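K.L.:
Build me a model from this:
(one chain, ligands or ions: 1)
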Amino acid sequence: MTDKTARLDALMRRGPVIPVVTIERVEDAVPLARALVAGGVAVIEVTLRTPAGLEAIRRIAGEVEGAVPGAGTVLDERQAEASVAAGAQFLVSPGSTVALLDAAVGLPVPMLPGIATASEAMAAMERGLRRLKFFPAEAAGGIAMLKSLHGPLGELVFCPTGGIDLAKAPGYLALPNVACVGGSWLTPAKAVAEGAWDGITELARGTAALRPA
Ligand SMILES: O=C(O)C(=O)C[C@H](O)[C@H](O)COP(=O)(O)O
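P.N.:
Numbers count the residues shown, from 1 in each chain. Here you go, the predicted model:
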């Protein structure tokens, strides 16, 4: 196992929920991350969907003790490199282009490339990438799809994301090829907009029941 795969395993096990966070106002980044950490959720994926994303990662990395920030919605090598420079400790993409997979191999931090088909998973495997995001999980076949992939591609371990919430998470986490799940349900846009940090801490605490005893 490569060092980067081992680092991903450690991050995924710490979840088992990786919150997918979209930040509109950069000044929300630190209180939001502190609220998640206070609720026991340290590994945080900040999407690059908004202009504030990169600076949010930089601030969380620099100011929030105990947080492990990563970048989500990484679409190309340039964004991957900018995320690493900002302090991202891991990278996540919604899909897998050949260029992005090739870039992932050379990056100093591990990436969870998104896949939704066996062919995409095999392209990742060809580059030694065996920890993958399954996206969009519910829309792309959910638990049944992951069970089907486990037969021929049994060495792969997934972080399913997309349409998963607290109620659906246990079904995924019970699968042998799932180490964690991702989702935006811990940081609802309304709660972030209102600065309802205690509510986000409560949502984060709700994931404790999903942790193995
Ligand atoms: O932004 C990205 O990089 C993505 O790939 C998409 C997100 O991971 C999902 O949109 C989260 O899914 P929900 O929990 O259903 O909101």
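K.L.:
Show me the contact partners of the helix or strand of the chain with the lowest mean pLDDT.
P.N.:
Of all helical and strand segments in the chain, the minimum by mean pLDDT, DSSP states H and E falls on helix 3-14, at a mean of 92. The contact list for helix 3-14 (CB atoms under 8 Å, 6 or more residues apart in numbering) reads 1, 18, 42-43, 68, 70, 89-90, 109-110, 112, 128, 130-131, 157, 159, 179-180. For glycine as for every other residue, the C-beta is placed from the backbone atoms N, C-alpha and C.
K.L.:
so which of those are also by the ligand?
P.N.:
Taking CB under 6 Å from any ligand atom as the test, the ligand is in contact with none of those.
K.L.:
What pLDDT does the model give Ile200?
P.N.:
Predicted confidence (pLDDT) for Ile200: 98.
K.L.:
Same check on the one 3 residues further on?
P.N.:
pLDDT recorded at Leu203 is 97.
K.L.:
where does it land in three-state SS?
P.N.:
helix (DSSP: H, G, I helix; E, B strand; the rest coil).
K.L.:
again with the one 3 residues further on
P.N.:
Using three-state DSSP, the secondary structure recorded for Gly206 is helix.
K.L.:
picking up where we left off before, using neighbour counts, pick out the buried residues of the least confident helix or strand of the chain.
P.N.:
The neighbour-count check on helix 3-14 (16 or more other CB atoms under 10 Å) flags 4, 8-9, 11-12, 14 as buried.
K.L.:
Would you mind naming what in the protein lies close to the ligand?
P.N.:
Residues of the chain lying near the ligand (CB under 6 Å from any ligand atom): 20, 47, 49, 72-73, 92, 94, 114, 135, 161-164, 182-184.
K.L.:
Mind doing that once more with 5 Å?
P.N.:
Proximity of the chain to the ligand (CB under 5 Å from any ligand atom) is limited to residues 20, 47, 72-73, 94, 135, 161-163, 183-184.
K.L.:
between the buried residues of helix 3-14, which is nearest Ala85?
P.N.:
Lys4 (17.5 Å; CB to CB).
K.L.:
Okay, the closest one and the ligand: tell me how far apart.
P.N.:
Separation of Lys4 from the ligand (CB to the nearest ligand atom, to the nearest Å): 19 Å.
K.L.:
Next: Gly62.
P.N.:
Relative to the ligand, and taking CB to the nearest ligand atom, Gly62 is found at 23 Å.
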